[in-house]
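Colleague: Sequence first, then the predicted structure, then my questions.
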Amino acid sequence: MNYHNYATRLRIDLCIRMLHAYFDGKLIEKIDRIPLDMRPRGGEHARCCIYRDRAIIRQRCISVLGFGTGPEEDELTPLADYARRALERTLIEGPVLHVIEEGCSSCIRSRYEVTNACRGCLARPCMLNCPRRAIRIVQGHADIDPALCVNCGKCLGECPFHAIIRIPIPCEEACPVDAITKDEQGRAVIHFEKCIFCGKCMKACPFGAIMEKSQLFDVLEQIRRGCRVVAMVAPSIIGQFPGSLGQIAAGLEKLGFCAVVEVAHGADMTARHEAAEFTERMARGDACMTSSCCPAYTDLVKKHVAGLAPFVSSAATPMHAMGAWVKQQFDPQARTVFIGPCFAKRHEALFDSCVDYVMTFEELGALLVAREIDVAALDAVDVEPAGRREGRGFAVSGGVTRAVAGLLADGAGAPLVVPALVDGLSKKTIALLKTVARERQPGNFIEVMACEGGCVSGPGVVAPGAAAVRQLEKFLENSQAIRNGCADQHSHAQR
Amino acid sequence: MKKVTVRVCSGTTCFVMGASNLQMLHEYVPEELRDWVDIQGAHCLELCRDRNYGAAPYITIDDEIVAEADLSLILERIEQRVRG
C-alpha cells in the first residue's frame, strides 16, 4: 500500500517550485531555471548525468503545465513558451495520461534470465524442457537466447536451484487491460483506445515516467481572474491532510475557492438512485445490477466487457451529481473543481459539462505547502450541505453496497441484496467480470472499484495506507445516516 | 538505556512530504525499546521555513533534528539514542 517514494517526492517538490514561481508572478521568467535548480552542476543525479535528469524534469514541468510530451515536442521550445500557453489556455484536452519519453527507462521486454546461481548441472532440465531450444550451455552456464525465447516460463519451474528469474515490466504488469506496450525503441506507449485511466501504470513505474497532464494552473488562473471557483472534495479527503473536513475547507477557502462542497452529498443522491433502480430492476427480473460510480470501471465496460453494459446502474457518478448541484443550486456561472485521488475522474470530467477541472490530493498538497497553509492550525468552517454516512462511505470498498443495502433495509417489500464486491481491477478480476456478463453470477448487486480498497488507495493520494483509512472510518462513524427511505431526491442523480 | 522523546511534525508540509506514513510509528518501534520511547504528535515545528521544503518531513529526537525522516532512518536514530 505504501507507495510514497522518491518519485512521488520529486513530483511534489517540482510542483511546489513551479507554484512558488507562479505566486511570485514569475512563472514564465523562472520556469526554465527550475530543472537547473533541482539538478545543479556538480550535484547528485538519479540517472546517468545531471543533463539527462534535467531533460526529464523539463518534461515533467511540461506535464504539470498540462501538456503532453510526444514525438511532436520540440526540445528547443523553452518552458516559458509552455507556461505562457498554459496561462492563456481556456480549453483542456485529453488524453489525461502520458509517458514522459525521456523518463521511460525502456525496460527490457518482459523476459527470463539465468542468474549466476546456475551451477551448470548435469541434468540440465532447463535445456531439455525448453520447447524452443532457446537454452544452451555457454562456459558451464545456461544461457537463454532472447531471439528464440517465447517467454513461456517452463525453464523457471524446472531449475532445481531457482537460478532462472523472470524480469517483469512494471507498467505492463500493472495495466489490467493491456493498454501499455513497448514501441520499437523499447519505450512505453499507452493505447488510449484500450486505456481506462485507472492510473495503475503510473503507480507501478519505478522511474515515475507516466504522468498526468495537470490542470493546476488552469484552476489557479480561474481564481486569479476572479471567477467563482467551487471546490468539490471527494470523501476520501479525510485522512489525506492533518485536520478535520472543516479545517481542510478553511484551507481551500484561503487558497481562493469561493465555496467548498462535499462530493459525498452527490454520492448520497447516487445511493438513493441506485436503491430505487435496484428495486425496479429486481421487480422486472434483471439478474443483477452493478455500481456505476467508478469511472475506470464504467470505461472498462465500454471498452472491454460490453456484455455487462445493460447491468450497469444508470445513476450518475457522485462527481457529476455534485457538479450538477453546484451549477443548478449554487451558481450557474461557477467553475467546478473536483478534488480527489482519482485519474479516471479527470478523464470523465473531460466529457462532463458540470465538472470543469479535476485536481488530485497530491496537487492540493503541493498547493497548500506553496502557500504555507497549515491546515491543522486553521479554524474549521461549515461545509454545506453535509454528506451523510452513506455517501461518505463511497470512498472505501464495500461502501456503495452498504449504502444501497442500508437504504433498502428501511423499506417493506424491498428486494434482498446479495452483494458481490470486485475490490480492485486486475486481469484476474476482469476475467471474473466477463463471466458475470455471461453467467450472471455471483450476486445481484455488484460493486466494482478499480482501486483495491476503494478510492482511499487511488493513484492521486498523498497519505496512502492504514492511518488514513482509520481516520476515514472514524469520520464515518461520526457521520449522520440518511434516515428516511430513498424516493425523495434521486431524480437529481439522473443523467 | 536512556529514555527519548520523539516529536513527529504534523504540519501540512511535513505531512504532504511523507509524514503521513509516520502516523503509526509507534507500531514499528521494536518491543524491547517501547518503554524507552515517548512518541508525540506535534503541530508544525516550523523547521520548513525559508522554503526548505525538500528536506521535509522533519522529526525531532530530544534535541536532535532529523530531516527527510523515513521509518528506517528514524528507527535507526532511536535505537542509537536509546542504547547510548
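Modeller: Looks like it came in fine. Numbers count the residues shown, from 1 in each chain, chains lettered A, B, ... in the order given.
Colleague: Now do stretch A:106-125: everything it contacts.
Modeller: For stretch A:106-125, contacts defined as CB atoms under 8 Å, 6 or more residues apart in numbering or on different chains pick out A:126, A:135, A:137, A:140-144, A:146, A:149, A:151, A:153, A:155-156, A:158-173, A:182, A:185-188. Glycine gets a C-beta too; all of them are placed from N, C-alpha and C.
Colleague: tell me which strands and helices the lengthiest helix in chain B is in contact with?
Modeller: Counting residues, the longest helix in chain B under DSSP state H turns out to be helix B:71-83. Contacts defined by 3 or more CB pairs under 8 Å, 6 or more residues apart in numbering or on different chains; DSSP states H and E place helix B:71-83 against strand B:4-9, helix B:25-28, strand B:59-61, strand B:64-66.
Colleague: neighbours around residue 67, how many?
Modeller: Because you didn't say which chain, this covers chain A. Residue A:67 has 19 neighbours, counted by other CB atoms under 10 Å in any protein chain shown.
Colleague: hmm, I had chain B in mind actually
Modeller: Using other CB under 10 Å, the number of residues around residue B:67 comes to 14.
Colleague: where's it relative to residue B:49, distance?
Modeller: 13 Å (CB to CB, to the nearest Å).
Colleague: what's the first-to-last distance across stretch A:362-380?
Modeller: 21 Å (CA to CA, to the nearest Å).
Colleague: So what touches it?
Modeller: Here stretch A:362-380 has contacts from A:8, A:11-12, A:15-16, A:19-20, A:23, A:214, A:216, A:240-252, A:254-255, A:339, A:460-462, B:10-13, B:15-17, B:43-44, B:53, using CB under 8 Å, 6+ apart.
Colleague: mind running it again at 6 Å?
Modeller: A:12, A:15-16, A:19-20, A:216, A:241-244, A:246-248, A:250-251, A:254, A:339, A:460, A:462, B:11-13, B:16, B:44, B:53 (CB atoms under 6 Å, 6 or more residues apart in numbering or on different chains).
Colleague: Same check on stretch A:85-93?
Modeller: Contacts for stretch A:85-93 (CB under 6 Å, 6+ apart): A:65-66, A:215, A:217, A:221.
Colleague: 7 Å instead, please
Modeller: Residues outside stretch A:85-93 that contact it (CB atoms under 7 Å, 6 or more residues apart in numbering or on different chains): A:65-66, A:215, A:217-218, A:221.
Colleague: quick revisit: just the buried residues of the longest helix of chain B, please?
Modeller: B:74-75, B:77-79, B:81-82 (16 or more other CB atoms under 10 Å in any protein chain shown).
Colleague: Same question for stretch A:280-300.
Modeller: A:281-282, A:288-300.
Colleague: re earlier: out of the contacts of stretch A:106-125, list just those in strands.
Modeller: Those of the contacts of stretch A:106-125 mapping onto strands are A:135, A:137, A:141-144, A:164-167, A:182, A:188, per DSSP state E.
Colleague: and the helix of greatest length in chain A, how far out from the chain's middle?
Modeller: For chain A, the longest helix by residue count, based on DSSP H, is helix A:263-283. Computed by CA atoms, centre = their mean, to the nearest Å, the chain-centroid distance of helix A:263-283 equals 24 Å.
Colleague: who does that helix touch, helix- and strand-wise?
Modeller: strand A:289-290, helix A:318-325, helix A:389-392, helix A:399-409 (3 or more CB pairs under 7 Å, 6 or more residues apart in numbering or on different chains; DSSP states H and E).
Colleague: can you do 6 Å?
Modeller: helix A:318-325, helix A:389-392, helix A:399-409 (3 or more CB pairs under 6 Å, 6 or more residues apart in numbering or on different chains; DSSP states H and E).
Colleague: right, and those - which one's nearest chain B?
Modeller: Closest to chain B of the helices and strands packed on helix A:263-283, according to CB to the nearest CB: helix A:389-392, at 19.8 Å.
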